[in-house]
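*Asks:* next one to model:
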Amino acid sequence: MDLTMFSHIRATGNLVEKMWGKGKRKDDEDRASEENDGRAPPKKAPKTSAVDSEDSDEIIVCEISKNRRVAVRNWQGKIWVDIREFYVKDGKQLPGKKGISLSLDQWKVLRDHVKDIDKALAES
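*Replies:* From the prediction side, this is the model:
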């Protein structure tokens, strides 16, 4: 970009900032202040875990170890095989971030390859 083009962009109200959304228009600032009227922004609803949610039905299939388990659950109308770590907070066992939820199709693929996995484990 040559200097004349750069000068033109600066003269037309910082076109680059407007393209990237860095510049705020005065209208936006006025609207934002009118909407809040000096009040704090609304609070977010606390997140609920899938175990506590009414949209979830869970059947614990087995405990792999103290903090890991396999469960089959119905969540939002779909069935999932959930292999997950859990942690204890306030006397409740809650699902952690570490884990995987497999759809039925994914579970069937994994199930069909169990012999191959066992064979690979025996060879190692």
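*Asks:* quick one: mean pLDDT over stretch 84-101.
*Replies:* Average pLDDT, stretch 84-101: 93.
*Asks:* and that stretch, how far apart are its ends?
*Replies:* End-to-end span of stretch 84-101 (Cα to Cα, to the nearest Å): 8 Å.
*Asks:* ok, now which ones touch residue 80?
*Replies:* Contact analysis of residue 80 by Cβ atoms under 8 Å, 6 or more residues apart in numbering lists 72-74, 101-103. In this view, the C-beta of every residue, glycine as well, is placed from N, C-alpha and C.
*Asks:* tell me which helix or strand it sits in.
*Replies:* Assigned by DSSP states H and E, residue 80 falls within strand 78-89.
*Asks:* same deal with residue 107?
*Replies:* helix 104-112.
*Asks:* for that helix, packing partners?
*Replies:* Contacts defined by 3 or more Cβ pairs under 8 Å, 6 or more residues apart in numbering; DSSP states H and E place helix 104-112 against strand 78-89.
*Asks:* against residue 81, how distant is residue 58?
*Replies:* 11 Å (Cβ to Cβ, to the nearest Å).
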